[in-house]
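*Asks:* Mind folding the following:
(chains A, B, C and D)
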There are 2 protein chains.
Amino acid sequence: MARTAGSHSDITGPRIRTAALRLFAQSGFAAVSMRQIAGEVGVQVGALYNYTPDKQTLLFALMDEHMQSLLSAWEEEPKGDTPKARLEAFARFHIRFNLERAEAVFISYMELRNLTPENFLAIEAQRRRYETALEEILSDGVAAGAFTISDPKVASLAIIAMLTGVNTWYRAGGRLSLDQVQTLYWDMVRQMVGAD
Amino acid sequence: MARTAGSHSDITGPRIRTAALRLFAQSGFAAVSMRQIAGEVGVQVGALYNYTPDKQTLLFALMDEHMQSLLSAWEEEPKGDTPKARLEAFARFHIRFNLERAEAVFISYMELRNLTPENFLAIEAQRRRYETALEEILSDGVAAGAFTISDPKVASLAIIAMLTGVNTWYRAGGRLSLDQVQTLYWDMVRQMVGAD
DNA sequence: CTTTTATCTGAACGTCTGTTCAGATAACCT
DNA sequence: AGGTTATCTGAACAGACGTTCAGATAAAAG
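*Replies:* This is a model prediction of the structure:
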């Protein structure tokens, strides 16, 4: 047999990425076989290699796609005009965006060690750009006398770790709504940086 | 050939656990083979099965050992007599202990999905005990009027995520000493909970 | 309608996987 | 010194792994 009815690269391509994302997040990159991914898509293994040169590149593509959409989504996010407003926007954005893409967030953090050195550097550079965006908000706030923090660099890492932690426990339909969680965390961040 | 000169279970056992810890942390549970572990110890694969019934149990043993030593180390840690003092002790303890055992911390978080359901529950229960210890400090502080936080449960998760995040960037010999990092984070936690 | 091209199958490849076990030998016990 | 036991080797098992590729066929192009 050969090409199947209704086979299209613009359909199979996304389905492969979706299946890989789900499986990698669930079981880990190394524990997922190409045959499993193919099975989820409903295709034979060999077909995957029309869409990726190898397994490792497939992983990188997922991470890269995620980091790029994170960065561009933040750039398009409406920002406040004071450091405090910008910090609130960042906190709320980070929680919402990460909860919407929990699988990609999980993978982009957990599977870094499965990247080749150059691919690792590419992802890390994007992550640093995002961290720097927060660090600049904090530095601006300190310069303007709005925040009282002694080390904006460390504070930015602390805030991001704290906000990303929501992903480990939040479940839709639980005790708290997304908006309640965002408000709770913004309150904590606000107090932490000493904003009024 | 057979038993080698100087072979002892009280030597090989710990060496297997140490090697497994290092390799699992470096490459991930699924990516590490029993032969790799054996090679690191300087022994043939079959010998490992004198020390663990299977690979999965070896992983669980490492995690369980880590969680138990975390819990008992915290119990033996000198506590303050006020909520604020106890919170400071917790923050400093958490950072120090986690940095001292970075590999075990990493594994105990990353490899949860490679555990069998019952082993997963066992580790999760220990983690929850630890989280509850912090939550109680926060609740006590709120009751005593020392802290201003609206949700101690969420705040405990936020603080732990924030403190654990130190492991992702701190390197001994870098810009900041351990003590400086502990002080920086304690300042942030203190402001976050609204302690004076 | 015919030709070209994109897409997929099915089978194969060499290698690696976790685990088992009979046999060998060092270490311990009496 | 001799017997027992704990520890390790070396080989084997069946199955899974990532990747390749010739051949088949649906879809697109002319």
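
*Asks:* Which residue ranges make up each domain of chain A?
*Replies:* A:1-52, A:54-192 (automatic domain parsing).

*Asks:* Which secondary structure element is home to residue A:16?
*Replies:* Element membership for residue A:16 (DSSP states H and E) is helix A:9-27.

*Asks:* Counting by contacts, list what that helix packs against.
*Replies:* helix A:34-41, helix A:55-76, helix A:102-110 (3 or more CB pairs under 8 Å, 6 or more residues apart in numbering or on different chains; DSSP states H and E). For the C-beta atoms, the positions are set from N, CA and C on the backbone; glycine is no exception.

*Asks:* for these, which one ends up most surrounded?
*Replies:* helix A:102-110 (a mean of 19; mean count of other CB atoms under 10 Å in any protein chain shown).

*Asks:* hmm, who's touching that one?
*Replies:* If you take CB atoms under 8 Å, 6 or more residues apart in numbering or on different chains as the criterion, helix A:102-110 is touched by A:21-22, A:24-25, A:28-29, A:59, A:62-63, A:65-67, A:98, A:123, A:164, A:167, B:110.

*Asks:* what sits against whichever residue of chain A sits closest to DNA strand D?
*Replies:* The nearest approach of chain A to DNA strand D comes at residue A:2, 2.2 Å away (CB to the nearest atom of the strand). Shown in contact with residue A:2 (CB under 8 Å, 6+ apart): no residues.

*Asks:* shaky segments in chain A?
*Replies:* A:1 (pLDDT under 70).

*Asks:* Next up, identify which helix or strand residue A:29 is on.
*Replies:* Going by DSSP H and E, residue A:29 is not in any helix or strand.

*Asks:* ok, back up a step: quick check, the helix holding residue A:16 touching DNA strand C?
*Replies:* Yes: using CB under 7 Å from any atom of the strand, we find that helix A:9-27 touches DNA strand C at A:9-12.

*Asks:* Let me have those residues in TSV, adding neighbour count as columns.
*Replies:* TSV is the format used below for the residues of helix A:9-27 next to DNA strand C (neighbours: other CB atoms under 10 Å in any protein chain shown):
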residue	neighbour count
A:9	10
A:10	6
A:11	11
A:12	19
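
*Asks:* Put together a markdown table for those residues, with distance to residue A:160 on each row.
*Replies:* Conversion of the residues of helix A:9-27 next to DNA strand C to a markdown table gives the following (distance: CB to CB, whole Å):
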| residue | distance to residue A:160 |
| --- | --- |
| A:9 | 37 |
| A:10 | 35 |
| A:11 | 36 |
| A:12 | 35 |
